[in-house]
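Student: Give me a model of this one.
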Amino acid sequence: MKQLLLMLLFSSLFLTSIHAQVWSRDLRGQYGFRTITYSYGYYEGYVNDGYADGEGTFYYRDGTIFHGYYYDGYRDGKGVLISPDDGYLVGYWEDGTYVGCSCRHNQSDYDEDAVEKMVYQQRKQSENSTRTTSNVSPEGYKIKKIEPESRMGKTVLGQYTK
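Tutor: Residues are numbered from 1 along each chain as shown. The predicted structure is shown next:
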């Protein structure tokens, strides 16, 4: 029972932190392509005055990847959420919240080939870096599209969006 309570507490802290705004106090006043590191993963992409702003990728420690657009540190615009165990989900975010799939904006950008390239790029970065980004082998990723309204889609969205 005690272990279960500790596990629930830890997971709630983890889930709260992954919904947080992506920014760095150390990068205030800086612009351009940067890396922001957290205990649960890291962001690589464009920064505006310390906030994730523009195109970027967040690599979570569990192997999950979010690639898309940010504004003021929040996911904002088209993006793809790639779960190593479940597949990938294409959608549109506003102020960090998943608002659905606007197919005319998303479908062509994030097909299976594009997702596979993102996973391959993450593997190459892990091999060439001393940074441990993932406990999951990229070879184990399921490159399969998940529909947002499916049970799996709702589960994945519940874990990695606010």
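Student: Give the rounded mean pLDDT of the helix or strand residue 158 falls within.
Tutor: For residue 158, the host element (DSSP states H and E) is helix 151-160. Average pLDDT, helix 151-160: 74.
Student: helices or strands next to that helix in the packing?
Tutor: helix 2-18, strand 74-83, strand 87-94 (3 or more C-beta pairs under 8 Å, 6 or more residues apart in numbering; DSSP states H and E). (C-beta placed from N, C-alpha, C; glycine too.)
Student: What lies in contact with it?
Tutor: By C-beta atoms under 8 Å, 6 or more residues apart in numbering, the surrounding residues in contact with helix 151-160 are 15, 18, 60, 64, 66, 81, 83, 86-87, 89, 98, 146-148.
Student: Buried among these? Need that as a selection in PyMOL.
Tutor: If you want just the buried ones from the contacts of helix 151-160 in PyMOL, going by 16 or more other C-beta atoms under 10 Å, the selection is:
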select buried, resi 18+60+64+66+81+83+86+87+89+98+146+148
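Student: Return the member of the contacts of helix 151-160 nearest to residue 51.
Tutor: residue 66 (15.8 Å; C-beta to C-beta).
Student: Tell me who's in contact with the residue lying closest to that closest one once chain neighbours are set aside.
Tutor: Closest residue to residue 66 apart from its sequence neighbours, by C-beta to C-beta, 6 or more residues apart in numbering: residue 58 at 4.5 Å. Residues counted as contacts of residue 58 (C-beta under 8 Å, 6+ apart) are 22, 41-43, 65-67.
Student: Tell me what residue 58 is bridged to.
Tutor: Taking DSSP bridges as the rule, residue 58 bridges to residue 43, residue 66.
Student: and residue 150, how far is that from residue 101?
Tutor: Separation of residue 150 from residue 101 (C-beta to C-beta, to the nearest Å): 12 Å.
Student: Comparing the two, which shows the higher neighbour count?
Tutor: Comparing residue 150 with residue 101 by other C-beta atoms under 10 Å, the one with more neighbours is residue 101, at 18 against 12.
Student: so what pLDDT did that one get?
Tutor: If you check residue 101, the pLDDT there is 73.
Student: Could you find the closest non-adjacent residue to it?
Tutor: residue 91 (4.9 Å).
Student: quick one: which of the helices and strands packed on helix 151-160 has the weakest pLDDT on average?
Tutor: Averaging pLDDT over each of those puts helix 2-18 lowest, since it has a mean of 38.
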